[in-house]
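>>> test case, fold it:
(chains A and B)
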Amino acid sequence: EDQVTQSPEALRLQEGESSSLNCSYTVSGLRGLFWYRQDPGKGPEFLFTLYSAGEEKEKERLKATLTKKESFLHITAPKPEDSATYLCAVKSGGSYIPTFGRGTSLIVHP
Amino acid sequence: ETGVTQTPRHLVMGMTNKKSLKCEQHLGHNAMYWYKQSAKKPLELMFVYNFKEQTENNSVPSRFSPECPNSSHLFLHLHTLQPEDSALYLCASSQDRAGGLSGTDTQYFGPGTRLTVL
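Below you'll find the model as predicted:
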């Protein structure tokens, strides 16, 4: 059974204070790891897909990295508008359905 | 409209009511999904349709009934719900259920319907 654990559960940062969110996973043959951003009361917004260890992707202040056991979402010099819940999901060779983590709630104070 | 749309955005219903949620995707995808999102819980997959055929039913109670008339539209019919069914219901689509290594695995979500059962 695929498992995804995200940490921390909640994170408070000051504007400009860089940090990282963690997504640890256990799967049988990774097909893809996905990062989403979700604002309160809205649907998840797709950010990145990573397929193999060593892969990195960037978008504005966000950078996602992947190893064989975990993924990090690095946030550089965050702004208040980066406040949201960040979801991680994995899809494995054993199932076509993604498994989601519980998310990390990020609050960036001005 | 672009992406994945859902209507209504908010719904309040009594336990004896019958209502339907609608989802439409404008991405040319072939797979569509219903998820339930409750506070402090991971997304719970409910149903999957691939090329209009239901391929997954994740032990969902029969008071939830999905319908997929074509690859662009997905409905969730609700009847005799319970207060614990109150949640955010999300629709998503992807190129197809199997996808591949070309990025087609990615699911794109709608804005959700906030359902409250009284």
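>>> and the helix or strand where B:S20 lies, what's its mean pLDDT?
Element membership for B:S20 (DSSP states H and E) is strand B:18-25. Mean pLDDT, strand B:18-25: 96.
>>> now the next helix or strand after it: mean pLDDT?
The C-terminal neighbour of strand B:18-25 among helices and strands, as given by DSSP H and E, is strand B:31-37. Mean pLDDT, strand B:31-37: 93.
>>> now whichever helix or strand comes after strand B:31-37, how far from the centre of its chain.
Going down the chain from strand B:31-37, the next helix or strand is strand B:44-50, by DSSP H and E. Using C-alpha atoms, centre = their mean, to the nearest Å, the mean C-alpha position of strand B:44-50 is found 7 Å from that of the whole chain.
>>> and the gap between the closest residue to B:T5 other than its chain neighbours and A:E70?
Distances taken as C-beta to C-beta, 6 or more residues apart in numbering or on different chains place B:E24 nearest to B:T5, at 5.1 Å, with adjacent residues excluded. Using the backbone N, CA and C atoms, a C-beta is placed for each residue, glycine as well. From B:E24 over to A:E70 the distance is 36 Å, taken as C-beta to C-beta, to the nearest Å.
>>> what does A:P80 give?
A:P80 sits 27 Å away from A:E70 when distances are taken as C-beta to C-beta.
>>> same thing with B:T5?
Taking C-beta to C-beta as the measure, B:T5 falls 34 Å from A:E70.
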